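[1] this one's structure only:
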């Protein structure tokens, strides 16, 4: 359970009505991690969708940092959508707070809230474009 | 304030038979519910001096009051394939606390009859009292914790009896303070904790805020009395996978009435406001999974919106909380993520997320889960704070795989705390193959070695149970999910082959 107001201030949930936000607030859990704690583990675990509420996390592949995420960013969705273990570690760079949706609830939530799914897709498209520019 | 002598039984002191007078103790345990009792028992077995205080006048904690309608969710099977009191039997008895001697084990069995596999609240309280009496555990009853501060590297707890100083405190106060979600007008609505008798609702229409276990427990208890029951909350009731359902099957009778269109309704709606009028309550709500407006009145309303951990002034000491401030955020060993000397036992240990592999959480909110947390916590405190290490078994290479398979098939810690607790074995150059005991799996996989293996029982998104193994070798971790088996018989040749391959450098 998480305070719906914590979700309301994020772009990902900007299209939800108050009733939808309250339903989401009951569905998502809230988790906190210490500096250095791993949230996702490369090749191992990570069957949840995380939205960063406070703090900063690093994306690390084989120990090398590739990116950082900040409040409003999300992670963990690729592992759920593909059914594969995470391809990177996600490590807390300071004390962080996340909204967390377990894998069993993700599909139903996205289908009930297509505007959230659309905003996720837009964010994924921006990530792909950034990656293409970087590789180019 | 003199340091109190007298070992873990505490001194008698000036106030008669009450143990643990105010003073300095290495560890202070707060609470006399199942979490506090189990922690104290395990600390004592390890020789860790500590005091236990409780504001109550007898043991039992929340089971002195809840559940309101008299039966728990968790079962105890009086006859099982294993002898009562054996370690393997614990998986069939989800309600007894853990004891090392036969006279301390499976005590709930002594108070159960065969009318139901699930104990009544009174039977649970009696079983906990029997554990406290027979072990015997000393508790300073009638001593209320009031405030907390740090002074000269020590925690100082001010209580109704005076000040206690300690190196670390274990708060075992449950998730027991009534909590109301922030709905306008809800402060006028009685809480679940205020309900006592079904007959108070005879012939009335009742509106219950909430659709989780406590809400459905009330609805189940009120079905014989109320004329109409409406349960409402934004989140739908999930029953497609019983292992991960938002309501336990034991309380699903009102839901069955609802889905068949009877006089009970389980509605997915966000409640906008609730107002008291001369005859009851008026409720305004908005549908969530299906759009629509609800404007209705009810003779009675009840907020079954859950409970919160009584943290009091701990946030001022840095204790962070999640779930709208209701649950302390904890490390895998149940220490506050943000306060190094404050630990939790009992129901509040759900604040440690664990790996949540496949999105599946721990069983830490229930006795059958947190009783093992208490034992692991006691060993952790003994080792890390006092250098007390339990003597560990050593294995010959040929013994290792059969041992691990037996643990996967029968270890109650692994079955109760699926995906959270694991059995670990270390491979040490000097000492050989050494049992590392039961540890939080998240700690094992994040510890970075040394050479070791841990096995755990896990559950996937479909509720399928399977064994898993995690091997640290040469600084790298490899996780393997073994095949499940219809009758959970994990001690067969195929499972042995997979573990042997994973341990080829150790067992061959």
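    Nice, I can see it. Fair warning: this is a prediction, and the values are worked out from it, not measured in the lab.
[2] now what about stretch B:66-78, what contacts it?
    Here stretch B:66-78 makes contact (C-beta atoms under 8 Å, 6 or more residues apart in numbering or on different chains) with B:63, B:84, B:92-96, B:108-109, B:112, B:114, B:116-122, B:124, B:176, B:192-193, B:195-196, B:198, B:213-214, B:217-218, B:220-221, B:248, B:250-251, B:366-368. Every C-beta, even on glycine, is put in place using the N, C-alpha and C of the backbone.
[3] can I have the buried ones of those residues as a ChimeraX selection?
    The ChimeraX selection below is limited to those of those classed as buried (16 or more other C-beta atoms under 10 Å in any protein chain shown):
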select /B:63,84,92,93,94,95,96,108,109,112,118,119,120,121,124,176,192,193,195,198,213,214,217,218,220,221,250,251,366,367,368
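[4] next, whichever residue of chain B sits closest to chain A: phi, psi?
    Closest residue of chain B to chain A, C-beta to the nearest C-beta: residue B:359 (2.6 Å). When read as degrees, to the nearest 10, the backbone of residue B:359 gives phi 80, psi 10.
[5] contacting residues around residue B:356?
    Contacts of residue B:356 (C-beta under 8 Å, 6+ apart): A:45, A:47, A:48, A:100, A:102, B:419.
[6] out of those residues, which one sits closest to residue B:133?
    residue B:419 (35.0 Å; C-beta to C-beta).
[7] and the helix or strand residue B:39 falls within, average pLDDT?
    Assigned by DSSP states H and E, residue B:39 belongs to helix B:34-45. For helix B:34-45, mean pLDDT is 98.
[8] quick check: mean pLDDT across the next helix or strand after that helix?
    Heading C-terminal from helix B:34-45, the first helix or strand you meet, by DSSP H and E, is strand B:50-53. Taken as a whole, strand B:50-53 has an average pLDDT of 98.
[9] likewise for stretch B:199-214?
    In this model, stretch B:199-214 has an average pLDDT of 96.
[10] I'd say residue A:52 and residue A:73 touch.
    Yes - in this structure residue A:52 lies within contact range of residue A:73 using C-beta atoms under 8 Å: 5.1 Å.
[11] and the strands in chain A?
    Per DSSP state E, chain A carries strands over the ranges A:29-33, A:38-40, A:48-54, A:57-61, A:64-69, A:74-75, A:89-92, A:96-102.
[12] re the thing from before, between residue A:52 and residue A:73, which is the more surrounded one?
    More neighbours surround residue A:52 than the other of residue A:52 and residue A:73, with 22 against 18 (other C-beta atoms under 10 Å in any protein chain shown).
[13] check that one and give its pLDDT.
    Taking residue A:52 on its own, its pLDDT is 96.
[14] ok, it to residue A:12 distance?
    Separation of residue A:52 from residue A:12 (C-beta to C-beta, to the nearest Å) stands at 10 Å.
[15] name the residues contacting each of these two.
    A:72, A:74.
[16] so what's the residue in chain A positioned nearest to chain B up against?
    Nearest residue of chain A to chain B (C-beta to the nearest C-beta) works out as residue A:102 at 2.6 Å. By C-beta under 8 Å, 6+ apart, the contact set of residue A:102 is A:29, A:47, A:48, B:356, B:358, B:359, B:360, B:361.
[17] kindly report the same for residue B:366.
    Neighbours of residue B:366 in contact, by C-beta under 8 Å, 6+ apart: B:73, B:74, B:94, B:347.
[18] and the third one, how far from residue B:72?
    Spelled out, that is residue B:94. For residue B:94, the distance to residue B:72 - C-beta to C-beta - is 9 Å.
[19] shared neighbours of these two, which are they?
    With contacts defined as C-beta under 8 Å, 6+ apart, no residue is shared by residue B:94 and residue B:72.
[20] what parts of chain B come near chain A?
    By C-beta under 8 Å from any C-beta of the partner chain, the residues of chain B that approach chain A are B:233-235, B:238, B:241, B:244, B:268-270, B:272, B:286-289, B:306, B:320, B:322-324, B:326, B:329, B:331, B:337-338, B:353, B:355-361, B:445-446, B:461, B:477, B:479.
[21] can you list the residues of chain A near chain B?
    For chain A, the contact set with chain B under C-beta under 8 Å from any C-beta comprises A:1-3, A:17-20, A:22-23, A:25-27, A:29-34, A:37-38, A:41, A:43-45, A:47-48, A:95, A:97, A:100-106, A:112.
[22] where does the chain dip in pLDDT?
    Using chain A. Scanning chain A for pLDDT under 70 picks out the ranges A:46, A:133-136.
[23] I was after chain B.
    B:1-16.
[24] mind listing the helices for it?
    B:34-45, B:108-111, B:121-134, B:213-222, B:253-259, B:367-386, B:397-410, B:412-416, B:441-446, B:493-502, B:504-507 (DSSP state H).
[25] of these, which stretch is the most buried?
    helix B:34-45 (a mean of 27; mean count of other C-beta atoms under 10 Å in any protein chain shown).
[26] for that helix, which helices and strands make contact with it?
    Contact analysis of helix B:34-45 by 3 or more C-beta pairs under 8 Å, 6 or more residues apart in numbering or on different chains; DSSP states H and E lists strand B:23-30, strand B:50-53, helix B:121-134, helix B:367-386 as its packing neighbours.
[27] between these, which one is closest to residue A:68.
    Comparing the helices and strands packed on helix B:34-45 by C-beta to C-beta, helix B:367-386 comes nearest, at 32.2 Å.
[28] for that closest one, packing partners?
    When contacts are defined as 3+ C-beta pairs under 8 Å, 6+ apart, helix B:367-386 sits against strand B:23-30, helix B:34-45, strand B:162-171, helix B:412-416, strand B:421-428, strand B:432-440.
[29] I'd like these as JSON lines, with distance to residue B:313 appended.
    Formatted as JSON lines, the helices and strands packed on helix B:367-386 follow (distance: least, C-beta to C-beta, whole Å):
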{"stretch": "strand B:23-30", "distance to residue B:313": "13"}
{"stretch": "helix B:34-45", "distance to residue B:313": "20"}
{"stretch": "strand B:162-171", "distance to residue B:313": "12"}
{"stretch": "helix B:412-416", "distance to residue B:313": "33"}
{"stretch": "strand B:421-428", "distance to residue B:313": "32"}
{"stretch": "strand B:432-440", "distance to residue B:313": "28"}
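[30] residue B:384: which of those is closest?
    Within the helices and strands packed on helix B:367-386, the stretch nearest residue B:384 is strand B:162-171; the backing value is 9.5 Å (C-beta to C-beta).
[31] flag every buried residue along that closest one.
    B:163, B:164, B:165, B:166, B:167, B:168, B:169, B:170, B:171.
[32] can you select the buried ones among the residues of chain A next to chain B for me in ChimeraX?
    This is the ChimeraX syntax for the buried subset of the residues of chain A next to chain B, where burial follows 16+ other C-beta under 10 Å:
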select /A:1,2,3,19,20,22,23,25,26,27,29,30,31,32,33,34,37,38,41,43,44,45,47,48,95,97,100,101,102,103,104,105,106,112
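[33] that older thread, right, and the helices and strands packed on helix B:34-45 - which one's nearest residue B:261?
    Closest among the helices and strands packed on helix B:34-45, using C-beta to C-beta: helix B:121-134, at 32.2 Å.
[34] residue contacts, the residue nearest to residue B:379 when sequence neighbours are not counted?
    Of all residues beyond its chain neighbours, the one nearest residue B:379 is residue B:390 (6.2 Å), with distances taken as C-beta to C-beta, 6 or more residues apart in numbering or on different chains. Counting by C-beta under 8 Å, 6+ apart, residue B:390 touches B:46, B:379, B:382, B:437.
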